[in-house]
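K.L.:
pasting the structure only:
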């Protein structure tokens with residue numbers, strides 16, 4: 001089994017986000033509640049292969065040779081799962097609550113490669 005990093009993405013200016021923001025506050029709270037229940041159901045269903053459920057991501061700082069800067073990106077959460085293949089890992093997130101209930105745009109899955117040895 002290989003490990004895969006799943007990055008949940010979402011733009012504050014996407015069509016999904018605009019629809020979400022236009023909802024009445026009580027409807028948004030209702031969807032937030034059902035979305036979190038669905039997310040926890042997803043986690044329970046996949047608990048044997050979930051190595052780190054992860055969580056929401058906060059503000060981003062970029063460190064480069066020129067210093068530290070505040071930046072914006074579309075990363076909103078992460079998880080680490082194990083799967084037999086990249087395709088199998090990707091299929092785990094099909095219809096995930098991140099975008100089937102919440103206004104997220106996508107889930108990007110990448111293999112966590114072993115650290116090269118000398």
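P.N.:
Done, it's in. Just so it is clear, the structure is predicted and the values come from calculations on it, not from any experiment.
K.L.:
Could you list the low-pLDDT ranges of this protein?
P.N.:
Across the chain, nothing is flagged by pLDDT under 70.
K.L.:
State the number of residues packed around the nearest residue to residue 85 once chain neighbours are set aside.
P.N.:
In space, and not counting its chain neighbours, residue 85 is closest to residue 2: 7.6 Å by Cβ to Cβ, 6 or more residues apart in numbering. The C-beta positions use only the backbone N, C-alpha and C, and glycine is treated the same way. Using other Cβ atoms under 10 Å, residue 2 has 15 other residues around it.
K.L.:
pretty sure residue 2 is touching residue 109, no?
P.N.:
No: using Cβ atoms under 8 Å, residue 2 is not in contact with residue 109; the gap is 11.0 Å.
K.L.:
what's the overlap in contacts for the two?
P.N.:
86, 89 (Cβ atoms under 8 Å, 6 or more residues apart in numbering).
K.L.:
How far off centre is the one helix or strand residue 90 maps to?
P.N.:
Residue 90 is part of helix 86-91 when elements are defined by DSSP states H and E. Relative to its chain's centre, helix 86-91 lies at 15 Å (Cα atoms, centre = their mean, to the nearest Å).
K.L.:
Could you list the buried residues of it?
P.N.:
Residues 88, 89, 90 are the ones in helix 86-91 that count as buried (16 or more other Cβ atoms under 10 Å).
K.L.:
With stretch 63-77 instead?
P.N.:
Buried, per 16+ other Cβ under 10 Å, within stretch 63-77: 74, 76, 77.
K.L.:
related to what we said a few turns ago, output the contacting helices and strands for the helix holding residue 90.
P.N.:
strand 2-9, strand 106-111 (3 or more Cβ pairs under 8 Å, 6 or more residues apart in numbering; DSSP states H and E).
K.L.:
any idea which of these is most buried?
P.N.:
Highest mean neighbour count of the helices and strands packed on helix 86-91: strand 2-9, a mean of 19 (counted as mean count of other Cβ atoms under 10 Å).
K.L.:
what lines up beside it in the sheet?
P.N.:
strand 75-83 (antiparallel), strand 106-111 (antiparallel) (DSSP bridges).
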